[in-house]
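Student: pasting the structure only:
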């Protein structure tokens, strides 16, 4: 046991020290140099297509032996097309503006000091994630583009794929001015090492968990490194009595079923009591036709005979599947109260045409993304125009909502004087 | 024990629930309404001057009985003048711009959604601090001005003063549209309750510790609520060979001795080897005349006979007193390496006239405030022009350096559509 612990500390010390050194070099590089590194990473992936696919085959075989669900196997699977997609993603990132080339203002203070607020990389970013190997490429590239070194801790199901991908990326980096230790993988899949990683404040400036609610809660509870909480989405659509019924139906079906397994998928529908009789049967029919099981309150069940009674738990559920909770509410304030109580602060929508109600909703709902007459599925870095996205923050510190490159930076103050002292 | 734990949970639940309710009201108020509340807080303090001073007298008597140092007694002591100073501070805050009236941009995405990034309050802020009762007023007012509710956990030495101040502030608030529970104090000074407070994610959006390094480390290790790390300052002055000797001396003495007990006070002096013989004796003399004890490396001790040999520990020390560590370095890179290793990332200064060296220093040093030819003592919200300051962040997430009102806010995305769904 003692020996194991020592080894884990040694592993982290080596990864951490190298990452810090890489970060130091990265923060001095120009956008051109970092873009050249991204281009070299694309080449690295191309040159190692076979390696990566055969490593992935091993993970899939192991996964099947270990009884992974079909959905998980599907997430884990890489194909030549998917690898090409990753390369295209990297190519898109080359085109994005380097956030550290921008500044947040410059002014002169009362004593004549010239104060500039300039964007700088965070330093070393830790990513803890589950079985999708594409995260390995995406997250590494986003961190690097913003000038950060990254240490990745992926799920053990994808360990062979991840190792092969990281080797390919590092092979690319070796030909550039970015040290290959800018992207490193924790190869030991043990929980002990993961736990120590979460407390490695000396080496890691910020930890971003990507995955299910269980993973995120574990990281939040165990980490002493500052964490950005991502991606738990109990999202609501509130259909106000002034809503356009056809639009409400279209938003409902798209938000719920466009992709059910993601954090911006809809989980709860609220409908004004005054509009329930007129609108709910058609909304219910659309859901049922799309294959969605309805958990409804009493009124809902009376208007949609196929609905099953909802329990308290249904309203706090993130189903991530073909299920939805439905509640008929006694007007605007009841809808706001419900959202306040149950929303995870991710994405909440009102379908309405009444101007004042819409303004109130935009002010009253305290979520990362508050929508009027649009699908929850738009809460996404690419849809917001950020290019890539490292995750969707549901906390309020540092970054909120879809996190693009700027969320992977901090700032510092640069102060130029001519001998000023404080009187 | 079990009963105690239940009581602590109940105390936190009550404080937390009320704070959340107050935060909900606060986030809907206009700047005018919040400013009226600040004005009412000034009146509350005025009307309760006697109460506050006599409560403070109790704290001072208890402190003397319990053997508090003179310095701590001095920090704890309130006078009529100091109370007036607090009121003036509040009056200054009225004049500051409400950060939630500003937005961070608005754009239209490819699907025609109008996306706005608007500033919103964080919600409920927890402040954990030590014996200075002026923090009770300052922190409460800053949080409120930015639209947040605050829960304060002050040191037990100041408990009577803090209770009297909070009562006065609440008496003021009671006459306004801000609920008095916008500002609450934890009256139970137990560590158990403090520990639970640090894990009250359900109620608290952000925790800001203010005090010594011990307090801050405890909060960082125990808290699961997101923390902003503040105020540990091992600050450096690097005197480059190109420095103006008189300016270097003036910066050194001011940075070190203007106020020795604060986090932006200088703790380490680095001098280029090539300039040591010419400059160090005069720098040493100035320090000694100012009453500063010098811990120096070998060269320093040979050039300043009064210096005592520095140990490794001296270079990581935050003395917060009339002591300084001095090292002669072998040129620019050695200075940067030293700062990289020992700096807490607060404030570091170069004294130099060589343009390229200065540019390199501004890029290479990764601290919240990087200075050229100015005193470290300027790292301060007021000196930066932010008006008030809630603390100085030495972490990179969320806020870095002096934190004014904007650091007490987050943002949300407000998205207005006309039925857009995701294809």
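Tutor: Received the coordinates, thanks. As the structure is a prediction and not an experimental result, all values here were calculated from the model.
Student: does the closest residue to chain B within the stretch 151-300 of chain A sit in a helix or strand, and which one?
Tutor: When scored by C-beta to the nearest C-beta, the stretch 151-300 of chain A has residue A:254 as its residue closest to chain B, at 3.6 Å. The C-beta positions use only the backbone N, C-alpha and C, and glycine is treated the same way. Assigned by DSSP states H and E, residue A:254 belongs to helix A:245-257.
Student: can you give me how far that helix is from the chain middle?
Tutor: 24 Å (C-alpha atoms, centre = their mean, to the nearest Å).
Student: Disregarding residues adjacent in the polypeptide, which is nearest to residue A:17?
Tutor: residue A:203 (7.2 Å; C-beta to C-beta, 6 or more residues apart in numbering or on different chains).
Student: do you know how far that neighbour is from residue A:126?
Tutor: 9 Å (C-beta to C-beta, to the nearest Å).
Student: So for stretch A:37-55, mean pLDDT?
Tutor: The pLDDT scores in stretch A:37-55 average 98.
Student: got the end-to-end distance for that stretch?
Tutor: Start and end residues of stretch A:37-55 are separated by 24 Å (C-alpha to C-alpha, to the nearest Å).
Student: which helix of chain A spans the most residues?
Tutor: Longest helix in chain A, counting residues (DSSP state H): helix A:2-26.
Student: Which other helices and strands does that helix contact?
Tutor: Under the contact criterion of 3 or more C-beta pairs under 8 Å, 6 or more residues apart in numbering or on different chains; DSSP states H and E, helix A:2-26 touches strand A:124-129, strand A:149-153, strand A:183-185, helix A:191-197.
Student: contacting residues around that helix?
Tutor: The set of residues external to helix A:2-26 that reach it, using C-beta atoms under 8 Å, 6 or more residues apart in numbering or on different chains, is A:34, A:121, A:123-124, A:144, A:147-151, A:177-179, A:181-182, A:184, A:186, A:188, A:190, A:192-193, A:196-197, A:200, A:202-204, B:340, B:366.
Student: what's the angle from that helix to strand A:124-129?
Tutor: 120 degrees (axes from the mean of the first three to the mean of the last three C-alpha atoms, to 10 degrees).
Student: and the nearest residue in space to residue A:368 that is not next to it in sequence, what does it touch?
Tutor: Residue nearest to residue A:368 in three dimensions, not counting chain neighbours: residue A:401, with 3.7 Å by C-beta to C-beta, 6+ apart. Counting by C-beta under 8 Å, 6+ apart, residue A:401 touches A:368-369, A:379, A:384, A:392-393, B:412-413.
Student: Now with 6 Å, please.
Tutor: A:368-369, B:413 (C-beta atoms under 6 Å, 6 or more residues apart in numbering or on different chains).
Student: still on that earlier bit, correct me if wrong, but the residue nearest to residue A:17 is in a strand.
Tutor: No - read with DSSP: H, G, I helix; E, B strand; the rest coil, residue A:203 is coil and lies in no strand.
Student: From residue B:219, how far off is the one residue sitting closest to the centre of chain A?
Tutor: Averaging the C-alpha coordinates of chain A gives a centre point, and the residue nearest to it by C-alpha atoms, centre = their mean is residue A:391 (1.6 Å). Note on residue A:391: its distance to residue B:219, by C-beta to C-beta, is 26 Å.
Student: is chain B contacted by stretch A:327-338?
Tutor: No - applying C-beta under 6 Å from any C-beta of the partner chain, one finds stretch A:327-338 out of contact with chain B, separated by at least 9.6 Å.
Student: Pop the domain breakdown of chain A in here.
Tutor: For chain A, automatic domain parsing gives the domain ranges A:2-227+A:399-416, A:235-382.
Student: Any chance you could list what contacts stretch A:85-104?
Tutor: Residues contacting stretch A:85-104 (C-beta under 6 Å, 6+ apart): A:31, A:35, A:38, A:41-42, A:45, A:117-119, A:134, A:137, A:141, A:145-147, A:387-388, A:405-406, A:409, A:411.
Student: If anything else comes up later, I'll come back, but that's it for now.
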